[in-house]
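Asker: here you go, sequence then predicted model.
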Amino acid sequence: MLTLFHPLNMIAYIKVNNEGIMPKVHSVKRIFAAIIAILCLTMPVSGASVINEINTVVATISDSITANNKKIVAVTDFTDLEGNVNVLGRFIAEEISLGLASSGKQLTVIDRNQIRKTLAEKNVSISGTIDPSFAKQIGQVSGAEVILTGSVYPLSGSVYLSAKIIDVNTARIFGGTSMILSKNQILDDLVQVSFKTSEIRGTTQETPTFSAQVKEAANFIFILKDIAMNGNSMILNFEIKNNFDQARYLTVKSIRAIDDSGSEYFPSSFTIAGAKAYIGESGKIQSVIRGTVSDNFDVWLQTYQQVKAQIVIKNISLKSKTIGILEMVIAPVNIMDSHGTFMRLEDDPSTIQFSNLPIIRKDDTK
């Protein structure tokens, strides 16, 4: 009888009822909670692991909220990287809501559907993406002290989850966390409903395939969206987002790659938002200002601005099958004017990696 409680059956039930026989909101929540509880009891350990991983996220979030003396939380539907709400995002938001409500931290969690209804009554429209500048207005109509929002997106063999906590009074992000969720049957089914199959899987098992990879560090999000080969050169196309409520500089300090045979590579060229870097020794990223090489490659990003970037790596061995960005060292930077003198303040650097990027040459697709 397990198939009666399969996530896809539940999703189909809700969709059908949307056409005119939708049960009450609190009934749907109870159905959702009961289904997940039954799945956790009846499925193998791997099936229940997603709940345990989400609970780890909940623990971090609840600790951050209580540490800031907040008690009333509004959880919004999580979105994909383009700000669209889907079934996967609603599932994650629902699980986090239930986790916060039962965390033992005496938190009051406002029902997501009630938030949507209240905003609609006041003629306030709300999209999937919550701009922190809009948080105060949401707090005023819902009574929440903090807004919890985030994104969730499928990767190759896993699901990327990012959450952030916004203070409704200051519109400041004061906490958050991210996690790579292990794929299992529950997430696989939700991903298939939420995203096109072609966005997740390759066309055949024999041909090497590429899946988008997402990394986050220092509130910058790096999305590796596409790779291509031009002869023995690999072109990696990124989008980079300043996922912070203040404009600031991003500095990329160095980039180093390695292939499956252990050969080391450094970028031949690197651009962000049209600004081209100078590549120094051992992959050190620098810039040229008025004909002089500068030690730093700083790119200014507005609040929540998302820009395109590209890395080109040349002379990749013909024997190589995969390559990975072993380390990309980045740091957020503030440049402050103090009595007419600019002071460069660089936060602690972070290292991000992109792994198992397939080297697909024309001969591989024949």
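Answerer: Ah, there it is. This one's a predicted model, so the numbers in the text were calculated from it and none came from an experiment. Numbers count the residues shown, from 1 in each chain.
Asker: give the residue spans of the stretch 51-200 of the chain that score low on pLDDT.
Answerer: Low-confidence segments of the stretch 51-200 of the chain (pLDDT under 70): 82, 122-134, 156-157, 196-200.
Asker: show me what whatever helix or strand Leu98 lives in packs onto, helices and strands only.
Answerer: Secondary structure assignment for Leu98, by DSSP states H and E: helix 87-101. Applying 3 or more CB pairs under 8 Å, 6 or more residues apart in numbering; DSSP states H and E, one finds that helix 87-101 makes contact with helix 25-42, helix 45-67, strand 72-75, strand 108-110, helix 112-121, strand 146-155, strand 158-167, helix 185-194. (C-beta placed from N, C-alpha, C; glycine too.)
Asker: gap between the fifth one and the chain center?
Answerer: With CA atoms, centre = their mean, to the nearest Å as the basis, helix 112-121 stands 25 Å off its chain's centre.
Asker: what of the second one?
Answerer: With CA atoms, centre = their mean as the basis, helix 45-67 stands 16 Å off its chain's centre.
Asker: that one packs against which elements?
Answerer: Secondary elements touching helix 45-67 (3+ CB pairs under 8 Å, 6+ apart): helix 25-42, helix 87-101, strand 158-167, strand 173-182, helix 185-194.
Asker: would you turn the ones you listed into JSON lines with distance to Ile255 and mean neighbour count?
Answerer: Listed next are those as JSON lines, based on distance: least, CB to CB, whole Å; neighbours: other CB atoms under 10 Å:
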{"stretch": "helix 25-42", "distance to Ile255": "42", "mean neighbour count": "15"}
{"stretch": "helix 87-101", "distance to Ile255": "32", "mean neighbour count": "21"}
{"stretch": "strand 158-167", "distance to Ile255": "21", "mean neighbour count": "22"}
{"stretch": "strand 173-182", "distance to Ile255": "21", "mean neighbour count": "18"}
{"stretch": "helix 185-194", "distance to Ile255": "30", "mean neighbour count": "20"}
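Asker: make JSON lines out of these and add distance to Gln114.
Answerer: Formatted as JSON lines, the helices and strands packed on helix 45-67 follow (distance: least, CB to CB, whole Å):
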{"stretch": "helix 25-42", "distance to Gln114": "8"}
{"stretch": "helix 87-101", "distance to Gln114": "11"}
{"stretch": "strand 158-167", "distance to Gln114": "18"}
{"stretch": "strand 173-182", "distance to Gln114": "23"}
{"stretch": "helix 185-194", "distance to Gln114": "23"}
